[in-house]
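Engineer: what's the 3D shape of this:
(chains A, B and C)
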Amino acid sequence: MEWETVIGLEIHAQLATRSKIFSGSATAYGAEPNTQANLVDLGYPGVLPVLNGEAVRMAVRFGLAIGARIAPHSVFARKNYFYPDLPKGYQISQYELPIVAEGALDIVLDDGTRKRIGITRAHLEEDAGKSLHEGLPGQSGIDLNRAGTPLIEIVSEPDLRSAKEAIAYMKKVHTLVRYLEICDGNMQEGSFRCDANVSVRRRGAEKFGTRAEIKNLNSFRFVEKAINHEVERQIEILESGGKVVQETRLYDPDKGETRSMRSKEEANDYRYFPDPDLLPVVLDDLFIAGIKATLPELPDEKAARFVSDYGLSEYDAGVLTASRELGAFYEDVVRRVGGEPKLCANWVMGDFAAFLNKDNLEITESRVDAAALAGLVARIVDSTISGKIAKDVFEAMWSSGEGADAIIEQKGLRQITDTGAIEKAIEEVMAKNPGQLADYRSGKDKLFGFFVGQVMKATGGKANPAQLNELLKKKLAG
Amino acid sequence: MSAPAATVAALAKGLAAGEYSSVELTRAYLERIAAAQPALNAFVTITGESALAAAAAADAARAKGQVGRLAGVPIAHKDIFCTEGVLTTCGSKMLANFVSPYDATVVAGLRDAGTVMLGKLNMDEFAMGSSNETSFFGPVHNPWDTKMVPGGSSGGSAAAVAARIVPAATATDTGGSIRQPAALCGVTGIKPTYGRCSRYGMIAFASSLDQAGLITVSAEDAALLLGPMSGFDPRDSTSVERAVPDYTATLADSLEGLTIGLVKEFFDKGLDASNEQRIRDAIAVFEKLGARVREVSCPNLPLSVPTYYVVAPAECSSNLARFDGVRFGHRCESPKNLLDLYCRSRGEGFGAEVKRRIMTGTYVLSAGYYDAYYLKAQRVRQLISADFARAFDSCDLLFGPTSPTPAFPIGAKFDDPITMYLNDIYTIGANLAGLPGMSIPCGFVDGLPVGLQIVGPHFSESRMLNAAHRYQQETDWHLRVPAAFA
Amino acid sequence: MSLSRADIENIARLARLELTEAEIPVYVDSLSKIFAFVGELDRAPTGDIAPMAHPLPGLAQRLRADEVSEANRRDTYQKNAPQVEAGLYLVPKVIE
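Structural biologist: I've put the predicted structure just below:
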């Protein structure tokens, strides 16, 4: 029996505001427990929420970037449930009238085709605190520093058909929120995480199967594993004649499986109603236009431009626009070199990316900046060094922090372009290898490569390859 | 100084003239409070020491020169207002040990104006009640007859002012909690327009209905105190950015040409006939002062009580979810698990009426009932609000009774919630529509006070106070003091 | 309308209120009466009237500047807490 997977993601992105969505407490990560929880965050008697305008602006930025409808009138609602990390006994969220509705993002599938993923809505809400269980036998400790951190919850349509598509979509959103500078995207710290609604149905069936919601997935790898595990679990149930239960499940990364979260099931009558402590958020066209004017070039626009302006492949353009910083770095290198966009792209995506990766550095922390990399590429372009030598120079630049020119000089890596010097080296090699010379001259053409290698060895790899080729051919011919 | 006769206006003059110091005045009121406490139970907390310190500071400031006109005037706060460093119980076991780490904006405003806080006044638990019988700290007694209820929820505020053990008190009104006890205790009560006073630091019952206000001897006193407790507060998104007028400036304005609407629905079959007569008598005084009277109808007003008993419990069920025994408030002994911690802490910490309203509200918001109850009630609320708006097309102020009957005996209605809820039948409409309302003393029935209710358009506090003041210039009902406290 | 004992028990669980045996029939009775009473609303001609969530019409939410205005006052705030340890509020173990 063939099964089709249906996935919808609810991505929670913490907004990069300085203060909380409804209070003046700091949102910085990693503070001592409860030192960033004020009266409002603690849900003290008598206190009231006041909305952070920056959180609203950030949500609008996101909405505009996905081509969504920005609600001229949106409403905060209370989602009521009891949980120790939820101090008021309700979460302030948006329900019937979210600030952003009906947008979409395109993802690229393995075969290169594009697929449009619908985004039902994105709404503003407050994050909850954290329950800690370590070292407290029989008890949990509640830290409310995170409580009240602004979030947008981005709800996709059930348009995703595999874990791979889900990851591609999630990465796309991850790229976008960082482009927009509305979320730092730090998944380890929980700034960007998602819940996955997963169901399966027989291929060709119209109705969706019963879905399970997998909570709190905070890495791309976990999302993929959790979905794949959940799909297998559901198929197994259905094939053995069982029924999937609609429920909330938690992914256990240690065991690589999902399990039912009964505690969340117990009271899922959230009794939403408009929060009477907050008025409707009214956004006029001027406000929205003002935000639109500050939007950066978006990843898809930038990638399209890289293809048309620089002649890059779609794949390369996609890689180079995966973050705003990388795209800017690449363009900086191209501008400084004064052309050669493909060569620049190869270097940025090749050795440069590999070294960053090896040392686990962000692009902003790189030991080689755009000017330095451009300096190196320029020496390839002007034939001072070969591409092969350049790799050694780059490595030296990375470890010493010095410029390409200094390293080329110090190590004497300048390419030999003097015809006389190359001819001299050729003659010496010919003299040392009379047997091979005779064989070549008697028709063993393949030995040409042997002579190239020997001359390169003799010149320390610095002979200009094109010149060497030409001169060697002449000399060998006699 | 003779406390029974003292109004805020008179005391402010006496202090300014140096007839007595704030310390002397404060000490005198503290003595009266102590003497009356066994009979009235109006206070939950008496803050004698800090009151005398504040009074001494006010005297020192006065000696140095410039002080505001309320400097050194003692008042007391309903125990629903958070007061820094002072027990703030909201009349509940849940908060019996709760010391607020901050001041409500209203409390801060009145303190900055120089008033001296004498203590915290008893109230129905979480302001849910119309008789002050739901307080964890025991019922408040009506100074006119201590077997009778003072009304509620601001029963402590009304009884204290009526007995002249405080010159004035803050109070709150969600469905009549200022006006009804003011009427039953024979004092002046004002609930301003929704959004006029900040709700920050006022423990929430029903957020879209709650409003801070005052219980005073006279409309003039209310006008003096209302300014410092009003105005926009950046910490309350529902407070309104609108200038606060000097409410005393227009008190003496003529009532010539004022159009008073008598709301037909206020004079229904539930209205006690003797009560009605006192209201009619009062209206005649206004006519003598130059007002014109006409009858108006608000046909949906009779639905205000059922509307309220959906909306208010819905909001309360959510507002009171924060009382979970984790960060503050009552926590049960040795909870077995998390659910037990919640259920027992809340089951023990809340009284019967609060639990009733939480359950009512939980039900009306729950899946399958939301549309039929909550949304329906909010639609009816719109109709009621529109009725008022239409009435104000042809009238400046609406008049009627504050409550159907004078004070009733303690215990008489306690076990019958519907009968109790119907006490607020004339007051709830103003809360649903966010309108300002007042109750002023207008006579007695069998020795118990009767209140006249005045309801105005949004932000018409000046006009209401002006009308009430002119009436109080013609009558002395507001100056009557119960014999036991004279 | 009339509520059953099971209704009351469900509502009480949703609201996290423990009720005593004696309380349950009292609430069955009084909530039934309350819902019969508020049932009057059914008769109101509301048609397509919009629900009124806020008493003052036409007001919009103000937006606060994104500024950190709060200092750490954990010790003061935790004075009211029934049980704290190492700055954490303690509760019986949360089982997910």
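Engineer: please count neighbours and contacts with C-alpha atoms only from this point.
Structural biologist: Will do.
Engineer: gap between residue B:15 and residue A:105?
Structural biologist: 72 Å (Cα to Cα, to the nearest Å).
Engineer: again but with residue B:336, I slipped
Structural biologist: 49 Å.
Engineer: more neighbours: which of the two?
Structural biologist: The neighbour count for residue B:336 versus residue A:105, taken as other Cα atoms under 10 Å in any protein chain shown, is higher for residue A:105 (19 against 10).
Engineer: would you mind listing what in chain A touches chain B?
Structural biologist: A:42-50, A:80, A:82, A:84, A:87-90, A:269-273, A:276-279 (Cα under 8 Å from any Cα of the partner chain).
Engineer: residue of the stretch 151-300 of chain A nearest chain B, please.
Structural biologist: Using Cα to the nearest Cα, the single residue of the stretch 151-300 of chain A nearest to chain B is residue A:271, 5.0 Å away.
Engineer: just the buried residues of the helix or strand residue A:405 falls within, please?
Structural biologist: Element membership for residue A:405, per DSSP states H and E: helix A:404-411. For helix A:404-411, a neighbour-count test (16 or more other Cα atoms under 10 Å in any protein chain shown) marks A:404, A:405, A:407, A:408 as buried.
Engineer: reformat these as TSV; add distance to residue B:483.
Structural biologist: Shown next, in TSV, are the buried residues of helix A:404-411 (distance: Cα to Cα, whole Å):
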residue	distance to residue B:483
A:404	101
A:405	104
A:407	104
A:408	107
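Engineer: redo the residues you listed as CSV? Include pLDDT and distance to chain C.
Structural biologist: Formatted as CSV, the buried residues of helix A:404-411 follow (pLDDT from 0 to 100; distance: Cα to the nearest Cα, whole Å):
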residue, pLDDT, distance to chain C
A:404, 88, 45
A:405, 88, 47
A:407, 88, 48
A:408, 87, 51
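Engineer: return the closest of those with respect to residue B:227.
Structural biologist: residue A:404 (74.2 Å; Cα to Cα).
Engineer: tell me the contacts of the closest one?
Structural biologist: A:372, A:373, A:375, A:376, A:379, A:393, A:394, A:397 (Cα atoms under 8 Å, 6 or more residues apart in numbering or on different chains).
Engineer: and residue A:461, how far from residue A:431?
Structural biologist: Relative to residue A:431, residue A:461 is positioned 20 Å away (Cα to Cα).
Engineer: and these two? Which one has more around it.
Structural biologist: Using other Cα under 10 Å as the criterion, residue A:461 and residue A:431 rank with residue A:461 on top: 20 against 11.
Engineer: any part of stretch B:134-153 near chain C?
Structural biologist: No - using Cα under 8 Å from any Cα, stretch B:134-153 never reaches chain C; the gap is at least 15.7 Å.
Engineer: can you count the residues close to residue C:84?
Structural biologist: Residue C:84, neighbours per other Cα under 10 Å, totals 17.
Engineer: can you check residue A:357 too?
Structural biologist: So residue A:357, with other Cα under 10 Å, has 12 neighbours.
Engineer: hmm, who's touching the top strand by length along chain C?
Structural biologist: Ranked by residue count, the top strand of chain C under DSSP state E comes out as strand C:88-92. For strand C:88-92, contacts defined as Cα under 8 Å, 6+ apart pick out A:33-34, A:84, A:138-143, B:326-327, B:335-338, B:341, C:81, C:83-84.
Engineer: give me the buried entries from these.
Structural biologist: By 16+ other Cα under 10 Å, the contacts of strand C:88-92 give A:33-34, A:84, A:139-143, B:326-327, B:335, B:338, B:341, C:81, C:83-84 as buried.
Engineer: ok, for residue A:5, nearest residue in space, not its chain neighbours?
Structural biologist: Once flanking residues are discounted, residue A:5 sits nearest to residue A:200: 4.5 Å by Cα to Cα, 6 or more residues apart in numbering or on different chains.
Engineer: so the one you found, which of the three states?
Structural biologist: Assigned by DSSP: H, G, I helix; E, B strand; the rest coil, the conformation of residue A:200 is strand.
Engineer: wait, doesn't it sit right on residue A:235?
Structural biologist: Yes - in this structure residue A:200 lies within contact range of residue A:235 using Cα atoms under 8 Å: 7.1 Å.
Engineer: which residues do these two both contact?
Structural biologist: Common contacts of residue A:200 and residue A:235 (Cα under 8 Å, 6+ apart): residue A:3.
Engineer: contact partners for the most centrally placed residue in chain B?
Structural biologist: The residue lying closest to the centre of chain B (Cα atoms, centre = their mean) is residue B:178, at 2.4 Å. Neighbouring residues of residue B:178 by Cα under 8 Å, 6+ apart: B:152, B:153, B:154, B:158, B:171, B:172, B:189, B:190, B:191, B:213, B:214, B:215.
Engineer: so how far is residue B:239 from it?
Structural biologist: 19 Å.
Engineer: with residue B:180 instead?
Structural biologist: 24 Å.
Engineer: can you check residue A:149 too?
Structural biologist: 24 Å.
Engineer: okay, those two: which has more neighbours?
Structural biologist: Taking neighbours as other Cα under 10 Å, residue A:149 and residue B:239 compare with residue A:149 leading, 29 against 21.
Engineer: now the more buried one: phi and psi?
Structural biologist: Dihedral angles of residue A:149 (phi, psi; degrees, to the nearest 10) stand at phi -70, psi 130.
Engineer: so it is in contact with residue A:27, correct?
Structural biologist: Yes - counting by Cα under 8 Å, residue A:149 touches residue A:27, with 6.1 Å between them.
Engineer: joint contacts of these two?
Structural biologist: Common contacts of residue A:149 and residue A:27 (Cα under 8 Å, 6+ apart): A:19, A:20.
Engineer: surely residue B:107 and residue B:83 touch.
Structural biologist: Yes - counting by Cα under 8 Å, residue B:83 is a contact partner of residue B:107 at 7.0 Å.
Engineer: what's the one helix or strand residue A:57 maps to in contact with?
Structural biologist: Secondary structure from DSSP H and E places residue A:57 in helix A:53-65. By Cα under 8 Å, 6+ apart, the residues outside helix A:53-65 that reach it are A:15, A:17, A:21, A:69-70, A:99-101, A:103, A:122-124, A:150, A:152, A:176-177, A:180, A:182, A:288, A:291-292, A:295, A:298, C:63-66.
Engineer: and if we set it to 6 Å?
Structural biologist: A:100, A:182, C:63, C:64, C:65, C:66 (Cα atoms under 6 Å, 6 or more residues apart in numbering or on different chains).
Engineer: likewise stretch B:402-411?
Structural biologist: With Cα under 6 Å, 6+ apart as the test, stretch B:402-411 has contacts from B:147, B:148, B:149, B:184, B:271, B:272, B:426, B:450, B:451, B:452, B:453.
Engineer: pull the number of nearby residues for the one residue in the stretch 251-400 of chain A that gets nearest to chain C.
Structural biologist: Proximity to chain C, evaluated over the stretch 251-400 of chain A using Cα to the nearest Cα, is greatest for residue A:279 at 4.5 Å. A count of nearby residues for residue A:279, using other Cα under 10 Å, gives 24.
Engineer: phi first, then psi, for it.
Structural biologist: The phi/psi pair for residue A:279 (degrees, to the nearest 10) is phi -90, psi 170.
Engineer: can I get stretch B:424-435 in PDB, CA atoms only?
Structural biologist: Extracted C-alpha coordinates of stretch B:424-435, given in PDB (Å, rounded to 0.1, in the frame of the first residue of the first chain):
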ATOM      1  CA  ASP B 424     -27.500  45.400  40.700                       C
ATOM      2  CA  ILE B 425     -30.200  45.600  38.100                       C
ATOM      3  CA  TYR B 426     -30.100  49.400  37.800                       C
ATOM      4  CA  THR B 427     -26.300  49.800  38.000                       C
ATOM      5  CA  ILE B 428     -25.000  47.200  35.700                       C
ATOM      6  CA  GLY B 429     -26.000  48.900  32.500                       C
ATOM      7  CA  ALA B 430     -23.500  51.700  33.000                       C
ATOM      8  CA  ASN B 431     -20.700  49.200  33.400                       C
ATOM      9  CA  LEU B 432     -21.600  47.400  30.200                       C
ATOM     10  CA  ALA B 433     -21.600  50.600  28.300                       C
ATOM     11  CA  GLY B 434     -18.500  52.100  30.100                       C
ATOM     12  CA  LEU B 435     -20.600  55.100  31.200                       C
END
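Engineer: I'm done for today, thanks for sticking with me.
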